[in-house]
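Visitor: quick check, what structure comes out for this input:
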Amino acid sequence: MHVMLKEIKNLIAFLTIIPVGMNSDCLTDAANYMYLFPLIGAFIGVLAGIFAWLLLNILDASIVGILTMGSILLITGLHHTDGLLDFGDGIMYQGPPEKKIEIMHDQQTGAGGLALGLVAILTTAFCIAQLSQNFIIQSLIVCEASAKLAMVLMAWVGRSAHKGMNTCFVNAMHGEHRYIRLVAPLFIAFGIALPLMGVVGFTAIIAGLVAALVIVGISNRHFKGVTGDVFGAGNELARLSSLLAILVVVRWV
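Guide: Coordinates of the predicted model:
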């Protein structure tokens, strides 16, 4: 139990800025226990959901949407958002995969990254603003679990475009007990989504998985594999896809 607590702390430290304490095994634990990412996502969703629910009692929904998106970015330390911006720059650059990856590592943000980042972040904020107070907490829990599941799937199906942080996760998800490492996070994510939101939650998870596969396909074409920035982009775009799915399905259920 003590050992598992260490790994959970390292997962929280890796995926958030919450000061739970990080040790030298953080990256290794994050890779080896990547299948638990949806649990950390759900935890982030709880924090953001409660924040949004409280604000809806005193502020207009549009403002709450923006502030809640800001809280998610804050909790996660903008790590995934940075990946989203780099991903946008990489796919917009016309050149060989090696040069595209070099562009992604550039500290400067270009027009491609800025455009993709603005559209994704603003649309996500507006989607949050459309969520009813009755199910905003559940929705954010499901969407954050979906976002983290997307990264797990990307590591499971993808190949490393270059040696870097992404390699640890890709190797771990392609290593021993490979299929269990996919089934476990799927079980966790659907186990969270179905009790909370039923068919709406199910659809949200599926939307996030589809987004992940699409991004892997784009990444393979542009970079010949996945990178850490691609994982970050997958997190952000899977969250958005799940939110859009919730809003669409809620209208029909």
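Visitor: where does the residue located most distally from the centre of the chain land in three-state SS?
Guide: Distance from the centre of the chain peaks at residue 58, with 28.8 Å (Cα atoms, centre = their mean). Following DSSP: H, G, I helix; E, B strand; the rest coil, we place residue 58 in the coil state.
Visitor: quick one: it from residue 52, how far?
Guide: Applying Cβ to Cβ, to the nearest Å, the value for residue 58 to residue 52 is 12 Å. In this view, the C-beta of every residue, glycine as well, is placed from N, C-alpha and C.
Visitor: and for residue 86?
Guide: On the measure of Cβ to Cβ, residue 86 and residue 52 end up 28 Å apart.
Visitor: now residue 93
Guide: In this structure, residue 93 and residue 52 are 36 Å apart, going by Cβ to Cβ.
Visitor: now do residue 163
Guide: 40 Å.
Visitor: and those two? which has more neighbours close in?
Guide: The neighbour comparison of residue 163 against residue 52 (other Cβ atoms under 10 Å) goes to residue 52, with 26 against 8.
Visitor: so who does that one touch?
Guide: Neighbouring residues of residue 52 by Cβ atoms under 8 Å, 6 or more residues apart in numbering: 64, 67-68, 71, 128, 131, 136-137, 140.
Visitor: ok, now residue 183?
Guide: Contacts of residue 183 by Cβ under 8 Å, 6+ apart: none found.
Visitor: pLDDT on the top helix by length along the chain, on average?
Guide: In the chain, with assignment by DSSP state H, the single longest helix is helix 178-223. If you average the pLDDT over helix 178-223, you get 95.
Visitor: equivalent analysis for stretch 85-99, please.
Guide: Throughout stretch 85-99, pLDDT has a mean value of 86.
Visitor: what distance separates the start and the end of that stretch?
Guide: Stretch 85-99 has an end-to-end distance of 16 Å (Cα to Cα, to the nearest Å).
Visitor: that one: which residues count as buried?
Guide: 85-93, 97 (16 or more other Cβ atoms under 10 Å).
Visitor: next step: those restricted to helices.
Guide: Judged by DSSP H, the subset of the buried residues of stretch 85-99 located in helices is 85-92, 97.
Visitor: closest to residue 41 out of those?
Guide: Nearest to residue 41, judged by Cβ to Cβ, of these is residue 87 at 19.3 Å.
Visitor: check contacts around that closest one.
Guide: 104, 113, 116, 219, 229-230, 232-233.
Visitor: much appreciated, bye for now.
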